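# I would like the atomic coordinates for the input below:
(one chain, ligands or ions: 1)
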Amino acid sequence: MPELPDVEVFRRYLEATSLHQEIKGLEVDDGRVIRGSLAELERSLRGKKLSAARRHGKHLFAAADGGWLELHFGMTGSLDYHRDAADDPPYSHAVIRFANGFRLAFVDRRKLGHLGWVPDLEAYLEEEDLGPDALSLDREGFRRLAEGRRGQVKCWLMDQSALAGLGNVYSDEVLFQAGIPPRRPVAELSGQDLDALFDALHRVADSAIEAGVDPGRMPDDFLVPRRQPGAACPRCGTPLEDRKVCGRTSYRCPRCQPG
Ligand SMILES: [Zn+2]
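Prediction:
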């Protein structure tokens, strides 16, 4: 499921391929990937150019005159920019056609993602109850965000209304890199723990984005490529533990993340 690093890679891809070209039209073969009115989305995009790409948490927005194209990647969404309709990948359920003949396909096998039209971005973030983007805070802001929070640290990191961007995989990675077990209550985190989490969050996001979110290119001490039962901790070799935390299968090293 695309999380902050994946969506940042999509943002850079969209920015590198699809800005500043006139949109000729939108082809949709399954209306389930459109949120809101397809007619409004088409009308809002036709004849316009996308001028900037912005990410907030797991949401991607592309500015067009008078509003934003919103893209959410659900479980299996991705983007593909190419020249010919014959090159549309399977499950290209919505395709933006540009005047230069190129196509930007929204590819989504499970159709849990969507495209939509957002006239007012700030109002939308509020309606969706999204917290600050996970990379937008400074160290102090991150510490303040934890104040008065209840529950387990992993649930907090995955709560999009608290902090937008992390899901199951990258919250595990951040906790592993910070040496904190996923079930520790937020209220028990020291200032030092919060600083370790903040640093891990930035290091993990930067490294994953730098690797193009390819697990094979991630740093040697990352958990992401080792998320399977029986795998060993990349730091100490101890077998990783997989347990349900906040309803999701969570990996941790009992030795590097004691408690
Ligand atoms: Zn370990």
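# Quick check: pLDDT value at residue 229.
Per-residue pLDDT puts residue 229 at 84.
# and the gap between residue 207 and the ion?
Going from residue 207 to the ion by Cβ to the ion, to the nearest Å gives 18 Å. C-beta here means a position set from N, CA and C on the backbone, and glycine is covered the same way.
# who's in contact with that residue?
Counting by Cβ atoms under 8 Å, 6 or more residues apart in numbering, residue 207 touches 218-219, 222.
# Closest one to the ion out of those residues, please.
residue 222 (12.4 Å; Cβ to the ion).
# burial count for the closest one?
18 (other Cβ atoms under 10 Å).
# For it, report the pLDDT, please.
If you check residue 222, the pLDDT there is 98.
# Now do the closest residue to residue 155 other than its chain neighbours against the ion, distance only.
Nearest non-adjacent residue to residue 155, counting by Cβ to Cβ, 6 or more residues apart in numbering: residue 246, 4.0 Å away. To the ion, residue 246 is 22 Å away according to Cβ to the ion.
# Report the beta-bridge partners for residue 26.
Residue 26 has these beta-bridge partners by DSSP bridges: residue 96.
# So it is in contact with residue 47, correct?
No. Judged on Cβ atoms under 8 Å, residue 26 makes no contact with residue 47 at a distance of 11.7 Å.
# Of those two, give the one with the bigger neighbour count.
The neighbour comparison of residue 26 against residue 47 (other Cβ under 10 Å) goes to residue 26, with 21 against 13.
# pLDDT value on that one, please?
For residue 26, pLDDT reads 98.
# coming back round to it: which ones among the contacts of residue 207 map onto strands?
With DSSP state E as the criterion, strands contain none of these.
# can you put those in TSV and add distance to the ion?
Below are these laid out as TSV (distance: Cβ to the ion, whole Å):
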residue	distance to the ion
218	16
219	15
222	12
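# list the contacts for the residue nearest to residue 155?
152, 154-155, 158.
# for residue 108, same thing?
Counting by Cβ under 8 Å, 6+ apart, residue 108 touches 33, 73-74, 76-78, 91, 93.
# Mind giving me the PyMOL select for those, buried ones only?
If you want just the buried ones from those in PyMOL, going by 16 or more other Cβ atoms under 10 Å, the selection is:
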select buried, resi 33+73+74+77+78+91+93
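# Quick check: closest non-adjacent residue to residue 104.
According to Cβ to Cβ, 6+ apart, the nearest residue to residue 104 is residue 96 (4.5 Å).
# pLDDT below threshold where in the stretch 51-200 of the chain?
The model of the stretch 51-200 of the chain has no residue with pLDDT under 70.
# and the protein, which of its residues are near the ion?
With the criterion set to Cβ under 5 Å from the ion, the chain comes near the ion through 233, 235-236, 238, 253, 255-256.
# Just the buried ones from those?
233, 253, 256.
# Tell me if I'm right that the last one and residue 241 touch.
No. The pair formed by residue 256 and residue 241 falls short of the contact definition of Cβ under 8 Å, at 10.9 Å.
# other SSEs contacting the helix or strand containing residue 125?
Secondary structure from DSSP states H and E places residue 125 in helix 121-127. Applying 3 or more Cβ pairs under 8 Å, 6 or more residues apart in numbering; DSSP states H and E, one finds that helix 121-127 makes contact with strand 67-72.
# follow-up on the earlier one: which residues touch the helix or strand following the helix holding residue 125?
Downstream of helix 121-127, the first helix or strand assigned by DSSP H and E is helix 139-146. Residues from elsewhere that reach helix 139-146 (Cβ under 8 Å, 6+ apart): 131-132, 137, 156, 162-163, 186, 189, 191, 194-195, 197-198, 201.
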